[in-house]
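Visitor: Sequence and predicted structure below; questions after.
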Amino acid sequence: MSLQDFARDELTRAGLFDEDSDYGGMLGESVMKMIDVFADEGHSGFSAGMAISIFKKVASYEPLTPLTGEDDEWVDHGGGSFQNKRCSHVFKDNGNAYDIQGRIFREPDGVCFTSRASHVPVTFPYTPTSEYVDVPAQPTQGRE
């Protein structure tokens, strides 16, 4: 079975081409376009894994190399507050860099959330990472 046949079958089984699916079936078509381009590249098993890994990172706005902290990596939001251009969850206030997703809290049912307690200090070079911290279930009031 070709990659295109496999992908189309899986996307069909998941209902991603259906008009009543998210985005009216366009998600399935969009993924098929990417599968077609990927299949046309003719990757071997080894290079396919590398290409998928790199694509996933850049398509998810994740940096491929460590952040340097150099001036050209920052967007000035005024008042001494900066956001990293290469990793949107890294900030710098008054010269102190921190990652707002350094800790991700996970409840027993798998629900994850961040809070002020998620902020971790950053020193450069920095490869963004998140530590998952298991916590007791939180009250459901206000959550949907």
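Guide: Structure's in. What do you need? Because the structure is predicted, anything quoted here is derived from the model rather than measured. Residues are numbered from 1 along each chain as shown.

Visitor: Return the distance of stretch 93-107 from the chain's centre.
Guide: With Cα atoms, centre = their mean, to the nearest Å as the basis, stretch 93-107 stands 15 Å off its chain's centre.

Visitor: Pretty sure residue 16 sits in a helix.
Guide: No. Remark: residue 16 does not belong to a helix; assigned using DSSP: H, G, I helix; E, B strand; the rest coil, it is coil.

Visitor: Show the contacting residues for it.
Guide: 22, 25, 27-28, 31 (Cβ atoms under 8 Å, 6 or more residues apart in numbering). Heads up, the C-betas are built off the backbone N, CA and C, glycines and all.

Visitor: same thing but at 10 Å, please
Guide: By Cβ atoms under 10 Å, 6 or more residues apart in numbering, the contact set of residue 16 is 8, 10, 22-23, 25-32.

Visitor: just residue 17 next, same as before
Guide: When contacts are counted by Cβ under 10 Å, 6+ apart, residue 17 touches 8, 11, 24-29, 31-32.

Visitor: So which of those is the closest to residue 116?
Guide: Nearest to residue 116 out of the contacts of residue 17 is residue 27 (Cβ to Cβ; 34.2 Å).

Visitor: Against residue 2, how distant is the closest one?
Guide: Per Cβ to Cβ, to the nearest Å, residue 27 is found 21 Å from residue 2.

Visitor: who has more neighbours, these two?
Guide: Taking neighbours as other Cβ atoms under 10 Å, residue 27 and residue 2 compare with residue 27 leading, 16 against 9.

Visitor: what's the nearest residue to that one if we skip its chain neighbours?
Guide: Counting by Cβ to Cβ, 6 or more residues apart in numbering, residue 27 lies nearest to residue 16, which is 5.2 Å off, once chain neighbours are set aside.

Visitor: Distance check, the one you found against residue 68.
Guide: With distances taken as Cβ to Cβ, residue 16 is found 39 Å from residue 68.

Visitor: same deal with residue 94?
Guide: Taking Cβ to Cβ, one finds residue 94 at 19 Å from residue 68.

Visitor: now swap in residue 86 and tell me
Guide: Using Cβ to Cβ, residue 86 is found at 9 Å from residue 68.

Visitor: So which of these two has more stuff around it?
Guide: Between residue 86 and residue 68, counted using other Cβ under 10 Å, residue 86 has the larger neighbour count: 17 against 14.

Visitor: All set, thanks.
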